[in-house]
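**Student:** what follows is a protein structure lacking sequence information:
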């Protein structure tokens with residue numbers, strides 16, 4: 001018997017300008033919202049498998065909802 005986990009990976013690049021920063025922030029929020037929806041769906045269906053989020057460039061406060069849902073958070077090494 002092998003083990004199985006749902007793993008998601010999210011790496012956000014650093015923005016180079018204010019405009020790029022604003023666009024990157026909006027995209028980050030959209031990606032985090034969709035990822036959170038996927039995680040909530042897995043939690044609601046009472047998956048027996050672990051849920052792991054590999055991330056880089058995501059501030060800790062943005063990861064708090066995932067932590068509260070029991071997601072294992074792992075920082076990716078910088079590229």
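**Tutor:** Noted; the coordinates are in hand. In this text the structure is predicted, and so the values were computed from the model without any measurement.
**Student:** off-centre distance for stretch 51-69?
**Tutor:** Stretch 51-69 sits 5 Å away from the centroid of its parent chain (Cα atoms, centre = their mean, to the nearest Å).
**Student:** next: stretch 32-42.
**Tutor:** Mean-position distance between stretch 32-42 and its chain equals 9 Å (Cα atoms, centre = their mean).
**Student:** what residues sit buried inside that stretch?
**Tutor:** 32, 35-36, 39 (16 or more other Cβ atoms under 10 Å). Every residue, glycine included, has its C-beta placed from N, CA and C.
**Student:** and stretch 58-66, by the same measure?
**Tutor:** Using 16+ other Cβ under 10 Å as the test for burial, stretch 58-66 gives 58, 62-63, 66.
**Student:** what of stretch 21-30?
**Tutor:** Buried residues in stretch 21-30, defined by neighbour count with 16+ other Cβ under 10 Å: 24, 28.
**Student:** how about residues contacting it?
**Tutor:** Residues outside stretch 21-30 that contact it (Cβ atoms under 8 Å, 6 or more residues apart in numbering) are 12-13, 15, 58, 62.
**Student:** ok so, going back, dump the buried residues of stretch 58-66 to JSON lines, plus secondary structure and pLDDT.
**Tutor:** Conversion of those to JSON lines gives the following (DSSP: H, G, I helix; E, B strand; the rest coil; pLDDT from 0 to 100):
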{"residue": "58", "secondary structure": "coil", "pLDDT": "84"}
{"residue": "62", "secondary structure": "helix", "pLDDT": "89"}
{"residue": "63", "secondary structure": "helix", "pLDDT": "91"}
{"residue": "66", "secondary structure": "helix", "pLDDT": "94"}
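**Student:** ok, residue 75 - contacts?
**Tutor:** Contacts for residue 75 (Cβ under 8 Å, 6+ apart) come out as 54-56.
**Student:** how far off centre is the helix or strand residue 39 falls within?
**Tutor:** Using DSSP states H and E, the element containing residue 39 is helix 18-44. Chain-centre distance of helix 18-44: 8 Å, with Cα atoms, centre = their mean.
**Student:** how far is whatever helix or strand comes next after it from where the chain is centred?
**Tutor:** Downstream of helix 18-44, the first helix or strand assigned by DSSP H and E is strand 50-56. The chain centre lies 6 Å from the centre of strand 50-56; the measure is Cα atoms, centre = their mean.
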